[in-house]
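S.K.: just to be clear, the model below is a prediction. Sequence and coordinates:
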Amino acid sequence: MAAAIVAAAGEVLATGGSDVSMAEVAAAAGMARATVYRYFPTRQALLDRVAEVAVTDAGARLADARLESVPPQDALVRAIRAFLDVGDYFTVLARERVHVPDKHARLIEEPLRRMFARGQKGGAFRKDVPVDWLTVALIDLVEGVVSARRTMGRDDTVELVASLFLDGTRGRPSTTHRRARPAASTG
């Protein structure tokens, strides 16, 4: 029954945000509010469980993605896809800014640290930025994206997040609007 409550909470909190009540979670789970409170005595206890599920799922997806088997930049794309594929649980984790205990955080941080360290060694990623910074920056970027309302599909989101992370926000020269060269002076 706890799993059904957590699944319902993930769904309604991902779509309804922070204003969702325990009564709404209970209704989505198809049970009485008292039943929800029996399993999760506080809203925070429920959020903590949703976060644990999100991180555990993300860790499993990162392991399944076999980040070490592809070039670092491809591994980055796989990592972003793994986070997005967690779905509602990861959205709730991001929006609610739930603190994740270190033992669970390691499930997602360690594979990313290894990926960034390997990428730095091979020249795919900047060496002047500590691996821990890159790890936190990627997680925070993905959390920021999933906590905002999505306006594009998953694959487009993965591509855009990867591009933003790798290339930053600096503008790119347009291939359709080239600057006209000034006319040569005749004299």
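M.R.: Happy to help now that I have it.

S.K.: quick one: pLDDT of residue 182?
M.R.: For residue 182, the model assigns a pLDDT of 48.

S.K.: next: residue 10.
M.R.: If you check residue 10, the pLDDT there is 86.

S.K.: same question, residue 125
M.R.: Note on residue 125: pLDDT of 93.

S.K.: next: residue 96.
M.R.: The model reports residue 96 with a pLDDT of 77.

S.K.: so which bits of stretch 68-76 are buried?
M.R.: Across stretch 68-76, burial judged by 16 or more other Cβ atoms under 10 Å covers 72, 73, 75, 76. C-betas here are computed from N, CA, C, even on glycine.

S.K.: taking the residues you listed one by one, which sit in helices?
M.R.: 72, 73, 75, 76 (DSSP state H).

S.K.: JSON lines for those residues, including distance to residue 111?
M.R.: Shown next, in JSON lines, are these (distance: Cβ to Cβ, whole Å):
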{"residue": "72", "distance to residue 111": "12"}
{"residue": "73", "distance to residue 111": "15"}
{"residue": "75", "distance to residue 111": "9"}
{"residue": "76", "distance to residue 111": "11"}
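
S.K.: so can I have JSON lines of these showing pLDDT and distance to residue 125?
M.R.: Shown next, in JSON lines, are these (pLDDT from 0 to 100; distance: Cβ to Cβ, whole Å):
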{"residue": "72", "pLDDT": "95", "distance to residue 125": "6"}
{"residue": "73", "pLDDT": "94", "distance to residue 125": "8"}
{"residue": "75", "pLDDT": "96", "distance to residue 125": "10"}
{"residue": "76", "pLDDT": "95", "distance to residue 125": "8"}
